[in-house]
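Got a predicted structure here, sequence first:
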Amino acid sequence: MAKFYITTPIYYVNDKPHIGHTYTTTMADIFARWHRLLGDDVFFLTGTDEHGEKVQKAAEKQGLGPEEFVDAMAAQFMERWKGFGITNDVFMRTTDPQHERTVKDFIKKIYDAGDIYKGEYEGWYCTPDETFVTELQLKDGKCPYCGREVRKVKEESYFFRLGKYQQMLLDLYDRNPDFLSPRFRAMETINRVKEGLNDLSITRKSVKWGIEFEQDKGNVLYVWLDALINYLSALKWPDGTFEDFWPADVHVVGKDIAWFHAVIWPALLMSAGIEPPKKVFSHGWWTIEGRKMGKSLGNAVDPVDITRKYGVDALRYYFVREMPFGEDGDFSEGKLIARINGELVDDLGNLVYRSLTLAERFGGNITGTPELDRGLDIENIKGLMQKLDTFNAIEAIWEQVRRTNRYINEKQAWKLSGEQLGNVIYNLLESIRVISILLSPFMPETSEKIRVQLGVEKQGLNHCGFGEFRGKVSKQGHLFEKFSREKHSENP
RNA sequence: AGCGAGGUAGGGUAGCCAGGAGUGCCCGCCGGGCUCAUAACCCGGAGAUCGGUGGUUCAAAUCCACCCCUCGCUACCA
C-alpha cells in the first residue's frame, strides 16, 4: 500500500483562525481524502505553533499565563477544524512534551554535526511593532510597516550554518524540479538562494516562552526552528511511525512561508542526516472583495459566518473552483453566491433532482449499456490530482455533470418508456454515482447526500467504472438552496 | 533597483514551454427548443486588431528584442 503524508503549516496562535488558515487546511484535507479514496495509507497533520514573543505578549495583554492562553487558542483551532469536517490524523501542538523532546533531540543532532556556532545577532527593531526589520527593508531608515523610528539591537545568539547548504539546496532543486511548486514560485526562491545564504540566528535571549536551547541554557530556540520540527515530532522521530511516513509527500504552505519550508527546512534536515520532504507546495493568497486581507485592515471575513450561511461544502467548492491551486484569487460573497446558484444548484443539484424524479417514476429495470462514461477520463483526473491540480480536476468532474444534464435533453428522457428509459436512467444513475465518488474529497457532505439518495454503498476510486447499478433510489429534496444576490451584485 | 508573475470578446479564464485558420470553457447579453427539473436544463448567435512596436518564419496569442501597464517577492515578520 502506498503511503501519503501531508501537512499544513502549524498555525501561529496569536490570531484567531481566519479564511487563510481555513483555505490551507481545506486544501490539505481534500488531498488527504483523495488519497484515502485511492486506498493509500494517509497521515494528515495540522497543528499550532505556540511559542515566541508575540504569543507571550498576547497572553500578557489578556492577563493570562502563556500556557492558559495557548490552551484556549489551540482549542479554537481544533474546534474549528472539527466543525469544518477536517480529517487530520494528528493535531500537533509545539507545547506538546513529545514535540519538545523531538526538538531537543533534533537540535542535539545538528549541534553535534557542528552546524551551530555562537555569534552575535544584530538588527533593527521596531519597538511599537515588536518586530525585527532588516537593513534592506528599512524605508528612509524607518520601520517599513509603521514608519516609526527603529533602534539597533545586538544580542548574543547561536547560529545555524545555513550558508553551508547553499549548493546542496541548489542541487536538490535541480534534481527535483517539482520540489517547490508551483514552478513560477520556485523561481523566486531559487534565485534568492543563488544570491547567497546568511547563517540563521536560531536562539533568543530576550524571549522566555519557548523551548530551551539545552547546549546553553538561558537561550530559547527561535520559534521557526521549533515550529518546522513539528513535521517530525508528529511521527515521534526518530522512532514511532517515522519510518512509515517520512519523507513527507507534500507540505502545503502559504507563499509567505515558502522560504522556511523550501530553504531552511531542507537544510536543517540535511544537517541532521534526514531526507528532505518530497514537495513543498506554496499556494496563493485570497483578497477579500478585491482588497488585501490584513490584520490591520480588519476586513477578514469570518469563515464561520460564511459556512453558517452557505454551508461548509459551498465554501470548499468555492476554494477549489475560484482559483487555480497555487495562484492568487479573490473571495467575495457575491461570487460565492453566483457559484452556488449557477453551479451547485443549477448544474449539480438540478441534475440529481431531475434524474431521481425520472428514476422514481420509472417502474422497470434500471439496466442498460454504458454510454455516459464516454468522455469521462478517470485516469486523467487522477493525474491532475497527483499534480495537485484541483482546479482542472474539478473542472473535469464538472464537465461530466454538464454532460449528464445534456444527455437527458438529447435523449428526451421524459418522452421515453420501457427499456429505452431504463437504459437512460441506468446511465444517469451510474454517472451520478461516479460523480459522487469523485466529488467526495471536495464536498464530502454533498457526496454523502447523493450516495444516500442513490441508495448505494460507500465506494473508492476503483469503483468509477460503469457497472451494474445496485442502488435503491430515494429522493430526498434538493441538495442546495439558492441565495438572493440582491445585495451582492457582482457583474452588473 | 534586483528577481518573479501577468496583460486573450462586457467580466473571468484556458491555450503559450514542444508555432499552423482566434480554437475552448464559465458568467453576462440576444434568440430558439424543451417541460423530467429550484424561470432550472439543452441548442444557436452577437461580441477580441490575443497590451504596443519591430523581428524570425511559408505561418506567431504562441519564438526573439525593445517599450507600456498591473501585481508579487527581496530572509530571521510564524
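Sure, I can see it. What you see is a predicted model, and the numbers here were worked out from it, not measured in a lab.

count of neighbours near residue A:125?
Applying other Cβ atoms under 10 Å, we find 16 residues neighbouring residue A:125. (C-beta placed from N, C-alpha, C; glycine too.)

Does residue A:480 fall in a helix, a strand, or a coil region?
coil (DSSP: H, G, I helix; E, B strand; the rest coil).

That one touches residue A:344, doesn't it?
Yes: between residue A:480 and residue A:344 a contact is recorded at 4.4 Å, counting by Cβ atoms under 8 Å.

between these two, what contacts are shared?
A:314, A:446 (Cβ atoms under 8 Å, 6 or more residues apart in numbering).

Next secondary structure after the worst-scoring helix or strand of chain A on mean pLDDT?
Scoring the helices and strands of chain A by mean pLDDT, DSSP states H and E places strand A:131-133 at the bottom, with a mean of 64. Using DSSP states H and E, the helix or strand that follows strand A:131-133 towards the C-terminus is strand A:151-160.

Show me what the helix or strand following that next one is packed against.
As assigned by DSSP H and E, the chain's next helix or strand after strand A:151-160 is helix A:166-175. Packed against helix A:166-175, as judged by 3 or more Cβ pairs under 8 Å, 6 or more residues apart in numbering; DSSP states H and E, are the following elements: helix A:183-194, helix A:265-271.

ok, the nearest residue to residue A:2 once chain neighbours are set aside - how many residues close by?
Once flanking residues are discounted, residue A:2 sits nearest to residue A:40: 4.6 Å by Cβ to Cβ, 6 or more residues apart in numbering. A count of neighbours around residue A:40, defined by other Cβ under 10 Å, yields 16.

what residue ranges in the stretch 151-300 of chain A score low on pLDDT?
Within the stretch 151-300 of chain A, the stretches with pLDDT under 70 are A:293-300.

same thing but 80
A:151-155, A:177, A:183-185, A:187-188, A:206-207, A:255-256, A:285, A:287-300 (pLDDT under 80).

How about the residues of it by RNA strand B?
When proximity is defined by Cβ under 7 Å from any atom of the strand, the stretch 151-300 of chain A lies next to RNA strand B at A:162, A:184-185, A:187-188, A:191-192, A:195-202, A:222-224, A:227, A:254-257, A:259-260, A:263, A:292.

let's see 6 Å
Residues of the stretch 151-300 of chain A lying close to RNA strand B (Cβ under 6 Å from any atom of the strand) are A:184, A:187-188, A:191, A:196-198, A:200-201, A:222-224, A:227, A:254, A:256-257, A:259.

Could you tell me which of those are located in helices?
A:184, A:187, A:188, A:191, A:223, A:224, A:227, A:259 (DSSP state H).

ok, now which ones touch residue A:376?
Residue A:376 neighbours (Cβ under 8 Å, 6+ apart): A:396, A:399, A:400, A:403, A:431, A:434.

The fifth one: how many residues sit nearby?
Residue A:431 has 24 neighbouring residues, counting by other Cβ under 10 Å.

Surely it touches residue A:373?
Yes: if you go by Cβ under 8 Å, residue A:431 and residue A:373 touch, sitting 7.4 Å apart.

Touching both of these two, which residues are there?
residue A:466.

Which pLDDT value goes with the closest residue to residue A:223 other than its chain neighbours?
Nearest non-adjacent residue to residue A:223, counting by Cβ to Cβ, 6+ apart: residue A:52, 3.7 Å away. Note on residue A:52: pLDDT of 84.

What does residue A:52 show for phi and psi?
Main-chain torsions, residue A:52, degrees, to the nearest 10: phi 110, psi 170.

residue contacts, it?
A:12, A:207, A:209, A:210, A:223.

count of neighbours near the first one?
Put plainly, it is residue A:12. 19.

got it, and the third one?
Residue crowding around residue A:209 was assessed by other Cβ under 10 Å; the count is 23.

now do the fourth one
Neighbour count for residue A:210, taken as other Cβ under 10 Å: 26.

cool, and residue A:90?
Neighbours around residue A:90, by other Cβ under 10 Å: 16.

What's the separation between it and residue A:230?
The gap separating residue A:90 from residue A:230 is 10 Å, by Cβ to Cβ, to the nearest Å.

what touches both of the two?
A:45, A:47.

would you turn the contacts of residue A:52 into JSON lines with distance to residue A:318 and secondary structure?
JSON lines is the format used below for the contacts of residue A:52 (distance: Cβ to Cβ, whole Å; DSSP: H, G, I helix; E, B strand; the rest coil):
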{"residue": "A:12", "distance to residue A:318": "25", "secondary structure": "strand"}
{"residue": "A:207", "distance to residue A:318": "39", "secondary structure": "coil"}
{"residue": "A:209", "distance to residue A:318": "37", "secondary structure": "coil"}
{"residue": "A:210", "distance to residue A:318": "37", "secondary structure": "coil"}
{"residue": "A:223", "distance to residue A:318": "32", "secondary structure": "helix"}
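
what's the residue lying closest to residue A:370 once chain neighbours are set aside in contact with, if anything?
Nearest in space to residue A:370, with sequence neighbours left out and distances taken as Cβ to Cβ, 6+ apart, is residue A:466 at 3.8 Å. By Cβ under 8 Å, 6+ apart, the contact set of residue A:466 is A:370, A:372, A:373, A:427, A:430, A:431, A:434.

Quick check on the last one: phi, psi?
Backbone dihedrals for residue A:434, given as degrees, to the nearest 10, come out at phi -70, psi -40.

Just the buried ones from the contacts of residue A:466?
A:372, A:373, A:427, A:430, A:431, A:434 (16 or more other Cβ atoms under 10 Å).

Check which residues of the strand or helix carrying the fifth one are buried.
I take that to be residue A:431. Under the criterion DSSP H and E, the helix or strand holding residue A:431 is helix A:418-439. Using 16+ other Cβ under 10 Å as the test for burial, helix A:418-439 gives A:421-439.

Then stretch A:277-293?
So, applying 16+ other Cβ under 10 Å, buried residues of stretch A:277-293: A:277, A:279, A:280, A:281, A:282, A:283, A:284, A:285, A:286, A:288, A:293.

Just the ones in strands from the residues you listed, please.
Members of the buried residues of stretch A:277-293 lying in strands (criterion: DSSP state E): A:280, A:281, A:282, A:283, A:286, A:288.

Leaving aside the residues adjacent along the chain, what's closest to the third one?
So the one you mean is residue A:282. residue A:258 (3.9 Å).

List the residues that contact the one you found.
Residue A:258 touches A:180, A:185, A:188, A:189, A:280, A:282, counting by Cβ under 8 Å, 6+ apart.

7 Å instead?
Counting by Cβ atoms under 7 Å, 6 or more residues apart in numbering, residue A:258 makes contact with A:180, A:185, A:189, A:280, A:282.

If we only consider the residues you listed, which is nearest to RNA strand B?
Among these, residue A:185 lies closest to RNA strand B (Cβ to the nearest atom of the strand), at 6.7 Å.

burial count for residue A:375?
Per other Cβ under 10 Å, the neighbour tally for residue A:375 reads 10.

That one against residue A:403, yeah?
Yes: counting by Cβ atoms under 7 Å, residue A:375 does reach residue A:403; the two are 5.9 Å apart.

what kind of secondary structure is residue A:7 in?
The three-state assignment at residue A:7 reads strand, by three-state DSSP.

Tell me how far it lies from residue A:276.
Distance of residue A:7 to residue A:276, computed by Cβ to Cβ: 14 Å.

got it, and residue A:372?
In this view, residue A:372 and residue A:276 are 44 Å apart by Cβ to Cβ.

do residue A:449 as well
41 Å.

How about residue A:404?
Counting by Cβ to Cβ, the gap between residue A:404 and residue A:276 amounts to 44 Å.
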